[in-house]
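Visitor: Pasting the sequence and the predicted model now:
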Amino acid sequence: MVEIKVPEVEARTILTNYVGANNFILDLKEKIKSKYFNLTRNQADYILSNHEIVPKIARKKVKIDPYYSQQLQEKKLLPKAPTEIWVEKILVEGEKSYHIWGKIIESEDLYSFWVPKSQIVPTSNKKIEVDYSPFSHRPPMEHQKPAIEALLKNDMYILADDMGLGKTTSAVIASIIENNVRTLIVCPASLKINWKREIENYTNEEVVIVEGKKWQEGKFIIINYDILKNFHSFKNDSVRTLLDSGIERIIIDEAHYISNPKAQRTKIINEISNKLGKVWLLTGTPMTSRPINYYNLLKLVNSRVASNWIAYVTRYCEGRQFRAPNGKKIWNVNGASNLEELRDRTQDKITRRLKEEVLDLPDKIITPIYLELKSEEYEKEMGEYLSWSDENKNESITIHLAKLTKVRQIIASNKIEHTKELINDILEQDKKVIVFTNFTAPLMELHSLYPKNSVILHGQMSKEDRQKSVDEFQNNPKIKVFISNLKAGGVGITLTSAEAVIMNDLSFVPSDHSQAEDRAFRIGQKKNVSCLYPTFDNTIERIIYNILQKKKNVIDTVMGDIPSHPEIDIMSELFNELHNS
């Protein structure tokens, strides 16, 4: 005969002999002494599951979510909403909640109650005192220091400062201060060299860039999203390099690339990050117009708001379920709701500042972005020019410039893909951007990529058509991209609705660039302007860029005005660099 166990009987037996420190169980132990008290099934189950668990002494105030605070105020009819609760002990830690021995208001006696984990605001216990003297050769700006310290206080965190505020520099300095932590940096392919150069500005530790299917070891390992799958497989256990390489910290740049949870790159990063428990996300666009794009980022940094997908999409994405024609239930989560609440409830996991909120920025923020060119056509043309110039050093500057035109056109054409990435990032932030190029072909190609939300300006257009492009860009909220020839659009017009300027390719005249930058930075501009210079690091363009930088005369521009004959001045230095390298 099978013995039937009754939970209430078992629990009563345990209570009789209980000598632990769980106050809820001790209270029940007192109550069963009365012949009129009977255990409920829930109480019995609680005793059976938790009587061997030793409560944790806390004795501290814990900050609670403001929206949970309002619920407590309404439920307990309090004169004001409590911001903290007193936790004497944590009796039991469940998967989604804590059973607490404590009190909500000061005048109460201690008692037991459940608190959802998602309603407790975590606080970092790390005390951070940063010595910035090792970085005195390239000191962080004042606004970057709170970002650095926030990263150091949190193993899992989102740095979502606006474009131009130096998220890369902040993360690099923080990772160096963290010390002896092997770091994997995941970023778009076009930013790998930029990361390497920025790290090398601050440390002599080995920095490696992973290409193709060849893994490399270093203190800092830089890899692009597209090749993550070469080093981590969900089907083949022998391809687990990312997990087996001893990486301790992962930094995800342009983290909005992993907002889609179904994408392979997202699944790989989620698994690696969850195992490491140390992940910093960098993005200027943590949430676009759809809060669902924010969910995976919050999940990665273990935000309490992302503990329950259905609760998240219902509350913040106007999520609703409907039945498709095939009978399958589908969620529509493309809406947006309660955004202020979402912002408030995620503040413990994110630093987000706009340029206009930061006081120590220059009005123009100049940012070079170093890229690598892989082009047989460039190698061929450049080789032919160098061979010719060795034998014709005394030819006129005009002829040398003409010979280099084809090389510059190749560079400008190959730059389009990278410029498009920058444009897309700016558009994701709902900002307007100006793009300058020296050549008609890339101008028209860029325009073809944004046929509905861009306008153009070039030398063959009438004055009326040029002004129409300017007016459309300035006044039409749907026109986000202004694409212009550097000479034709670099002077005499006002484009203050833009917050970013991209130089697709370089002129030999330094003042061309500073004047072009100032199309956005003019009277009437109320915001800081980011000027981006994507530059191929392994080409003649890098030499030109360095020479142009040396010519600047004012600190807040890259290119200063140069007297007399700028092309001659630039070309003479260019010859020296090319023939002495």
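Guide: That came through fine. Keep in mind it's a predicted model, so treat the numbers as computed, not measured.
Visitor: Which residue ranges make up each domain of this structure?
Guide: 133-357, 364-580 (automatic domain parsing).
Visitor: Averaging pLDDT over each of those, report the lowest-scoring one.
Guide: Ranked by mean pLDDT, the domains of the chain bottom out at domain 364-580, with a mean of 84.
Visitor: quick one: that one to chain centroid distance?
Guide: 26 Å (C-alpha atoms, centre = their mean, to the nearest Å).
Visitor: hang on, residue 424 in a strand?
Guide: No - looking at residue 424 with DSSP: H, G, I helix; E, B strand; the rest coil, it is helix, so not inside a strand.
Visitor: Find the centremost residue of this protein, please.
Guide: residue 283 (1.6 Å; C-alpha atoms, centre = their mean).
Visitor: re earlier: show me the one of the domains of the chain that comes nearest residue 38.
Guide: Residue 38 sits nearest to domain 133-357 of all the domains of the chain, at 34.1 Å, using C-beta to C-beta. All C-beta atoms are positioned from the backbone trio N, CA, C, and that covers glycine.
Visitor: How far off centre is the closest one?
Guide: 6 Å.
Visitor: mind listing what the residue nearest to the centre of the chain touches?
Guide: 158-160, 253-256, 297 (C-beta atoms under 8 Å, 6 or more residues apart in numbering).
Visitor: Quick check: closest non-adjacent residue to it.
Guide: Excluding the flanking residues, the one nearest residue 283 by C-beta to C-beta, 6 or more residues apart in numbering is residue 255, at 4.1 Å.
Visitor: residues contacting that neighbour?
Guide: Residue 255 touches 158, 281-283, 286, 297, counting by C-beta under 8 Å, 6+ apart.
Visitor: Give me the contact list for stretch 72-86.
Guide: 60-64, 66, 69-70, 100, 102-106, 110, 115.
Visitor: Pull out the buried members of those.
Guide: 62, 64, 69, 100, 102-104, 115 (16 or more other C-beta atoms under 10 Å).
Visitor: Wasn't residue 281 part of a strand?
Guide: Yes - under three-state DSSP, residue 281 falls within a strand.
Visitor: Assess the claim that it and residue 159 are in contact.
Guide: Yes - shown here, residue 281 and residue 159 form a contact pair, counting by C-beta atoms under 8 Å, at 7.1 Å.
Visitor: got a list of what residue 545 touches?
Guide: Neighbours of residue 545 in contact, by C-beta under 8 Å, 6+ apart: 368, 506, 533, 535.
Visitor: how far away is it from residue 29?
Guide: Counting by C-beta to C-beta, to the nearest Å, the gap from residue 545 to residue 29 is 77 Å.
Visitor: go on, residue 388?
Guide: Distance, residue 388 to residue 29, by C-beta to C-beta: 97 Å.
Visitor: With neighbour numbers in mind, choose between those two.
Guide: A count of neighbours by other C-beta atoms under 10 Å puts residue 29 above the other of residue 388 and residue 29, at 19 against 13.
Visitor: And stretch 431-449, what's buried?
Guide: 431-439, 442-443, 445-447.
Visitor: what distance separates the start and the end of that stretch?
Guide: 17 Å (C-alpha to C-alpha, to the nearest Å).
Visitor: Tell me where the stretch 51-200 of the chain has helices.
Guide: 66-76, 144-153, 167-178, 192-200 (DSSP state H, counting those that start in this stretch).
Visitor: Please name every helix or strand in contact with the third one.
Guide: So the one you mean is helix 167-178. When contacts are defined as 3 or more C-beta pairs under 8 Å, 6 or more residues apart in numbering; DSSP states H and E, helix 167-178 sits against helix 144-153, strand 156-159, helix 192-200, strand 249-252, strand 279-282.
Visitor: Show me the one of those that comes nearest residue 412.
Guide: So among the helices and strands packed on helix 167-178, helix 192-200 is nearest, using C-beta to C-beta, at 18.7 Å.
Visitor: what's the angle from that closest one to helix 167-178?
Guide: 40 degrees (axes from the mean of the first three to the mean of the last three C-alpha atoms, to 10 degrees).
Visitor: hey, which of the helices of the stretch 51-200 of the chain is tucked in deepest?
Guide: helix 167-178 (a mean of 23; mean count of other C-beta atoms under 10 Å).
Visitor: quick one: that helix to helix 144-153, angle?
Guide: 50 degrees.
Visitor: How about residue 24, nearest residue that isn't a chain neighbour?
Guide: residue 112 (4.2 Å).
Visitor: Quick check: buried residues in the lengthiest strand in the chain?
Guide: For the chain, the longest strand by residue count, based on DSSP state E, is strand 84-93. Buried residues in strand 84-93, defined by neighbour count with 16+ other C-beta under 10 Å: 85-92.
Visitor: between it and helix 66-76, how big is the angle?
Guide: 90 degrees.
Visitor: if we can go back for a sec, residue 24: which of the domains of the chain is closest?
Guide: Nearest to residue 24, of all these, is domain 133-357, at 23.9 Å by C-beta to C-beta.
Visitor: Please, where are all the strands along the stretch 301-450 of the chain?
Guide: 320-323, 329-332, 350-351, 364-371, 432-437 (DSSP state E, counting those that start in this stretch).
Visitor: can you list those strands in TSV and add distance to residue 268?
Guide: Listed next are the strands of the stretch 301-450 of the chain as TSV, based on distance: least, C-beta to C-beta, whole Å:
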stretch	distance to residue 268
strand 320-323	29
strand 329-332	24
strand 350-351	23
strand 364-371	24
strand 432-437	31
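Visitor: if I look at the residue nearest to residue 283, how far off is residue 267?
Guide: 15 Å.
Visitor: With residue 72 instead?
Guide: When residue 72 is compared with residue 267 (using C-beta to C-beta), they lie 38 Å apart.
Visitor: and if you look at residue 335?
Guide: Residue 335 is 25 Å from residue 267, by C-beta to C-beta.
Visitor: show me the contacts for residue 99.
Guide: With C-beta under 8 Å, 6+ apart, residue 99 has these contacts: 24, 50, 90-93, 112-114.
Visitor: and with 6 Å instead?
Guide: 91-92, 114 (C-beta atoms under 6 Å, 6 or more residues apart in numbering).
Visitor: same deal with residue 427?
Guide: Residue 427 neighbours (C-beta under 6 Å, 6+ apart): residue 480.
Visitor: picking up where we left off before, could you identify which of the contacts of residue 255 has the most neighbours?
Guide: Going by other C-beta under 10 Å, residue 281 tops the contacts of residue 255 with 30 neighbours.
Visitor: can you pull the pLDDT of the closest residue to residue 109 other than its chain neighbours?
Guide: Setting aside the residues directly before and after it, residue 109 is nearest to residue 103 in space (C-beta to C-beta, 6+ apart), at 6.9 Å. Note on residue 103: pLDDT of 94.
Visitor: any idea how far residue 103 lies from residue 87?
Guide: Counting by C-beta to C-beta - residue 103 and residue 87 are separated by 9 Å.
Visitor: Next: residue 168.
Guide: From residue 168 to residue 87 the distance is 39 Å (C-beta to C-beta).
Visitor: farthest pair in the buried residues of strand 84-93?
Guide: 86 and 92, at 17.6 Å, using C-beta to C-beta across the buried residues of strand 84-93.
Visitor: any shared contact partners between residue 281 and residue 159?
Guide: With C-beta under 6 Å, 6+ apart as the test, residue 281 and residue 159 reach no residue in common.
Visitor: related to what we said a few turns ago, name the nearest of the contacts of residue 283 relative to residue 377.
Guide: Nearest to residue 377 among the contacts of residue 283, with distances taken as C-beta to C-beta, is residue 254, at 28.6 Å.
Visitor: what about the nearest residue to that closest one once chain neighbours are set aside, neighbour count?
Guide: Leaving aside its sequence neighbours, residue 254 sits nearest to residue 188 (C-beta to C-beta, 6+ apart; 5.6 Å). Neighbour count for residue 188, taken as other C-beta under 10 Å: 16.
Visitor: That concludes my questions; thank you for your assistance.
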